[in-house]
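Engineer: For reference, the sequence and a predicted model appear below.
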Amino acid sequence: MEIIILENKQELAKAAAHKAASYIRKAIVERGESNIIVATGASQIEVLEEFVKEDIDWSVVTAFHLDEYVGMAESHPASFRKYLKERFVDLVPLRDFHYVDGETDPYGECTRLGKIISRHPIDVAFVGIGENGHLAFNDPPADFETEEPYHVVNLNDACRRQQLGEGWFPTFDDVPERAISMTIKQIMKTKALICSVPDQRKAKAVYDTLNCEISPEFPASVMRNHPETILFLEPSSASML
């Protein structure tokens, strides 16, 4: 795992977006197309702002996203479909974007998405690290074994408190208890992982990711097993290292 510490959140976002774009351009040169995964959440807002400015032939790019709440309407302020539509999908002329639909049968949706992503080898994925160490919505103890690309997960209280603390929901009880998430094994199939982690509140999770035993109890620690993970930090998120 390569660790890069930038001066501030904006520089982190620029560096992460530019590095991801370099992998995409390389794939387009080599294969004529690229497949990517984009993430959501507070840590990704500035990254996506920079990413859409990159010089990329978006017409040959197919994108997937990591997760969505079960039962979440697209119109809800916390919907990840809404988040990505407004911050990414509507801003670049992609070949295709495969949303996770939280309003349909979640198990059927996992099957549908699994069939699609299995036909699209992923060149680069944007990811973050949750305050509880989650990767996508794979809370501890995460399932490191399932071969399915997507699965339905229960969100633990720490994860739900993070969503409340970031301002996505008015009360804790409003935070959904289940989500559809890309699995750990599917994330690890990506050729390159661009992990962006700003903010002091993530400092302990960053420390655990880098120093604790690689195990389901620290889901993001699995990225240390990936040959092409780049972790982008800024001083506050790196403060415990």
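Structural biologist: Okay, I see it. Numbering: from 1, shown residues only.
Engineer: show me what contacts Leu233?
Structural biologist: 3-6, 12, 197-198, 206, 241 (C-beta atoms under 8 Å, 6 or more residues apart in numbering). Every residue, glycine included, has its C-beta placed from N, CA and C.
Engineer: List buried residues within the residues you listed.
Structural biologist: With burial judged by 16 or more other C-beta atoms under 10 Å, the buried subset of the contacts of Leu233 is 6, 12, 197-198, 206.
Engineer: Can you pick out the most distant pair from those?
Structural biologist: Greatest spacing in the buried ones among the contacts of Leu233, by C-beta to C-beta: Leu6 and Val206 (13.6 Å).
Engineer: Now, the contacts of Leu233 that are in helices?
Structural biologist: Counting by DSSP state H, the contacts of Leu233 place 12, 206 in helices.
Engineer: What is the nearest of the contacts of Leu233 to Val124?
Structural biologist: Set against Val124, the nearest of the contacts of Leu233 by C-beta to C-beta is Ile4 (15.4 Å).
Engineer: Where does pLDDT dip in the protein?
Structural biologist: For the chain, not a single residue meets the criterion pLDDT under 70.
Engineer: for it, what spans make up the helices?
Structural biologist: Under DSSP H, the chain gives helices at 9-31, 45-51, 80-87, 106-117, 157-165, 184-188, 203-211.
Engineer: Ala63: which of those helices is closest?
Structural biologist: Comparing the helices of the chain by C-beta to C-beta, helix 80-87 comes nearest, at 8.5 Å.
Engineer: And the closest one, how far out from the chain middle?
Structural biologist: Here the centre of helix 80-87 is set off from its chain's centre by 13 Å, with C-alpha atoms, centre = their mean, to the nearest Å.
Engineer: Kindly export that helix (C-alpha atoms) in CSV.
Structural biologist: The C-alpha trace of helix 80-87 is given here as CSV (Å, rounded to 0.1, in the frame of the first residue of the first chain):
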residue,chain,number,x,y,z
PHE,A,80,-26.5,7.6,-3.0
ARG,A,81,-28.2,7.4,-6.4
LYS,A,82,-29.1,11.1,-6.0
TYR,A,83,-25.6,11.9,-4.7
LEU,A,84,-23.9,10.4,-7.7
LYS,A,85,-26.4,11.6,-10.3
GLU,A,86,-25.9,15.2,-9.1
ARG,A,87,-22.1,15.1,-8.5
